[in-house]
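Colleague: coordinates for the following, if possible.
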Amino acid sequence: MKILKKIGGLLLVVFIVAQFFGPEKNEGDLTSVAAFFEETNPPDDVKMLLKNACIDCHSDSTRYPWYSQITPINYWMADHVKHGSKHLNLSKWNDYDDKRKDHKLEELIEMVEAREMPLDSYTWAHSEAKLSQEQIDAMVAWAKMARLNYVFLKEPQ
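Modeller: You can find the predicted model right below:
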């Protein structure tokens, strides 16, 4: 019994000390996605969907809820954001060439239609990010229209 108390006390100390350390935060300015919005011109309803369901993990501007201050949750969230912005970073939209922009929009369509994005683990805590079929349809229709800007550029003249 004494050993269990010692182990429990040690784990408590480690947990408390761990709270003083955490990963680097992804707290850029939301204006970093302005080029993406300007170029793809989403309607207001889709723009709001993108802000609520995509930007936290797919840009350089993440909104952090209160529980993101707790270790190890903060590391788990940082890993999700890192992976999300590795696959698509709307803040880096101008760094993509036209072929890659088209491909990213194509992937967005596929992931949203398959309901693989936004992740369930995100929508549990952000109910506004859970997309209805009507919202999915609106986002897909917009992305298909936005792709037209890049599809014609890829075809040989």
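
Colleague: got the contact list for the longest helix belonging to the chain?
Modeller: Among the segments of the chain that qualify as a helix by DSSP state H, the longest is helix 133-154. By CB atoms under 8 Å, 6 or more residues apart in numbering, the residues outside helix 133-154 that reach it are 39-43, 45-46, 49-50, 98-99, 101-102, 105-106, 108-109, 112-113, 115, 131. Every residue, glycine included, has its C-beta placed from N, CA and C.

Colleague: of these, keep whichever come out buried.
Modeller: Buried members of the contacts of helix 133-154, counted by 16 or more other CB atoms under 10 Å: Thr40, Pro42, Val46, Leu49, Leu50, Lys101, Asp102, Leu105, Leu108, Ile109, Val112, Leu131.

Colleague: using the three-state scheme, assign the fourth one.
Modeller: Spelled out, it's Leu49. What DSSP: H, G, I helix; E, B strand; the rest coil gives for Leu49 is helix.

Colleague: with adjacent residues omitted, what lies nearest to the residue nearest the centre of the chain?
Modeller: Nearest to the geometric centre of the chain sits Cys57, at 2.0 Å (CA atoms, centre = their mean). Once flanking residues are discounted, Cys57 sits nearest to Gly84: 3.2 Å by CB to CB, 6 or more residues apart in numbering.

Colleague: the residue nearest to Met117 when sequence neighbours are not counted - how many residues pack around it?
Modeller: Spatial nearest neighbour of Met117, excluding adjacent residues (CB to CB, 6+ apart): Met111 at 4.1 Å. When neighbours are defined as other CB atoms under 10 Å, Met111 has 15 of them.

Colleague: report pLDDT for Met111.
Modeller: Per-residue pLDDT puts Met111 at 94.
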